[in-house]
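Peer 1: Next input, structure requested:
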Amino acid sequence: MRFTTVLLTGALALFTTAANAADKLVIAGRDAGFGKALAQMVELYKTKNPGLEVELLQLPYAGLYEKTTIAMREKTGGYDVVMLDDTWAVELMSKGWLADLDKLGGLDADFIKRTVDVSRYPVASGPLFAVPFVGNVAMFAYRKDLVAKHGGAPKSWTEVLKVAKAITASEPGTAGVVFRGIKGNPIVTGFLPILWAHGGQVVDDKGAVVLDSAASIKALETFLALKASAPKGVETYNSSEVRDAMQQGKAAISIEMWPSWAPDLDDASKSKVPGLVEISAAPGETRGPAPMLGAWLLAVPADSKNAKQARAFIDFVTSAENQKLIALETGNPPTRSSVYKDAAVVAKYRWYPAQLAALEVAEPRPRITQWSKVESILGDYLQLALVGEMKADAAVKEAAAKIAAALK
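Peer 2: As a prediction, the model looks like this:
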């Protein structure tokens, strides 16, 4: 009798544990702006699923990466949904740490293809390991009034140089162009669309370093030439300085404009140029525009105890209805084409048609597991060139050699 009681007690404990797992989701997400959007969806999901407990962790960038990768590597089963920068995705997908979402539902055709491509491994062709949540893309911004006076909207980076030079010479108090010159991720982010437009690459599709090329040297020479029309001290500029220069009318062109920066340009309480700044995809050069994709994804760890409910939550968050809701209420850029064409959304964000066009041709950063290391090296050499300590050809050659050594 006692033995039977022990068996029944053990079975009840197992049942209770399974039931608890089925009734709870643990989500690891970002803090700040993207975190606000996810938090809003968590609260809405809880109201529609009153029997479900949902725990949301809002973590800083580095903390989110560290906590989720450790948990997945150790197979703790601690998270059911994780938010990922698309640059981390390659590492996590390649190691088998994420669930195959094709087996849990796939995706419909409304999602923008470039954001779906980086949700697959191998890129664009392999299984679906994530669902695109944030349609972040680096765009290009310019003062319509000033640019119209000095040659019109530039369609190439060569034309950007000409227009910026003319504005600097003719418009007192207004620099022709502004960009982030600080080393590391900021300067690399500004440079890559120029590199890609010139036909250059850092690594090829097989991961081999191909940075040392005539196209890369020409792209860097173009980037360095922008400095002559930029504000003094641009080599120390980061996001806040670039945004301030555009909002205060101190610069006419920004080679980089992220969706989170754009709304303040039309806010008369913050901007001296409301309605005057046009936002578009970056110019091309030897090839068409190649703006940088900066998507954020939602994925289910392979060791999740509640994969089906996790996928249901992701589908809820990324539905067209909720993508519209969070775009209107938090400014989170969608990943669905239909939301960019929605009349109410476009009425609030006039640049959304241009943002969709940019997303449709956006270029992801190289799909290699060591991109952060590559970015750090490239950023160092770009800044050395920007401050005049190296010529473009030498900076490209040495950066390529260092990157190749690091990848070995």
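Peer 1: Got the domain ranges for the protein?
Peer 2: 2-135+293-360, 139-292+370-407 (automatic domain parsing).
Peer 1: Dump the ones you listed into TSV; add mean neighbour count and mean pLDDT as well.
Peer 2: (Each C-beta comes from the backbone N, C-alpha and C, glycine too.) Listed next are those as TSV, based on neighbours: other Cβ atoms under 10 Å; pLDDT from 0 to 100:
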stretch	mean neighbour count	mean pLDDT
domain 2-135+293-360	18	90
domain 139-292+370-407	19	97
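Peer 1: In contact with Asp204, which residues?
Peer 2: Contact partners of Asp204, counting by Cβ atoms under 8 Å, 6 or more residues apart in numbering, are Val210.
Peer 1: Could you check how far the most centrally placed residue in the chain is from Thr189?
Peer 2: Nearest residue to the geometric centre of the chain (Cα atoms, centre = their mean): Gly294, 1.5 Å. Distance of Gly294 to Thr189, computed by Cβ to Cβ, to the nearest Å: 8 Å.
Peer 1: would you list every one of the helices in the stretch 101-250 of the chain?
Peer 2: With helices called from DSSP state H, counting those that start in this stretch, the stretch 101-250 of the chain shows them at 113-117, 144-149, 157-170, 185-197, 214-225, 239-247.
Peer 1: What are the contacting residues of the longest one?
Peer 2: Pointing back at helix 157-170 there. With Cβ under 8 Å, 6+ apart, helix 157-170 has contacts from 146-147, 149-152, 154, 174-177, 194, 197-198, 222, 225-226, 228-229, 252-253, 255, 283-285.
Peer 1: The residue nearest to the centre of the chain - nearest residue in space that isn't next to it in sequence?
Peer 2: Asn136 (3.8 Å; Cβ to Cβ, 6 or more residues apart in numbering).
Peer 1: I'd say the one you found and Leu293 touch.
Peer 2: Yes. Using Cβ atoms under 8 Å, Asn136 makes contact with Leu293 at a distance of 7.4 Å.
Peer 1: Surely Val242 is in contact with Val178?
Peer 2: Yes. With contacts counted by Cβ under 8 Å, Val242 reaches Val178, the gap being 5.3 Å.
Peer 1: overlap in contacts of those two?
Peer 2: Joint contacts of Val242 and Val178 (Cβ under 8 Å, 6+ apart) are Ala251, Ser254.
Peer 1: So the residue nearest to the centre of the chain versus Gly77, what's the distance?
Peer 2: From Gly294 to Gly77 the distance is 30 Å (Cβ to Cβ).
Peer 1: Could you do Lys324 as well?
Peer 2: 33 Å.
Peer 1: Likewise for Leu384?
Peer 2: Leu384 is 46 Å from Gly77, by Cβ to Cβ.
Peer 1: can you check Ile217 too?
Peer 2: 50 Å.
Peer 1: do Ile27 as well
Peer 2: 14 Å.
Peer 1: cool, and Val26?
Peer 2: Computed as Cβ to Cβ, the Val26 to Gly77 distance reads 9 Å.
Peer 1: Test my guess that Trp196 contacts Ala290.
Peer 2: Yes. Assessed by Cβ under 8 Å, Trp196 is found in contact with Ala290 at 3.5 Å.
Peer 1: tell me, what's touching those two both at once?
Peer 2: Common neighbours of Trp196 and Ala290 (Cβ under 8 Å, 6+ apart) are Glu363.
Peer 1: Format the helices of the stretch 101-250 of the chain as CSV; extra columns: distance to Ala299.
Peer 2: Output for the helices of the stretch 101-250 of the chain, formatted as CSV (distance: least, Cβ to Cβ, whole Å):
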stretch, distance to Ala299
helix 113-117, 13
helix 144-149, 40
helix 157-170, 35
helix 185-197, 22
helix 214-225, 33
helix 239-247, 27
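Peer 1: quick one, which of these is nearest to Glu55?
Peer 2: Across the helices of the stretch 101-250 of the chain, Glu55 has its closest neighbour in helix 113-117 (26.8 Å, Cβ to Cβ).
Peer 1: The closest one packs against which elements?
Peer 2: helix 352-360 (3 or more Cβ pairs under 8 Å, 6 or more residues apart in numbering; DSSP states H and E).
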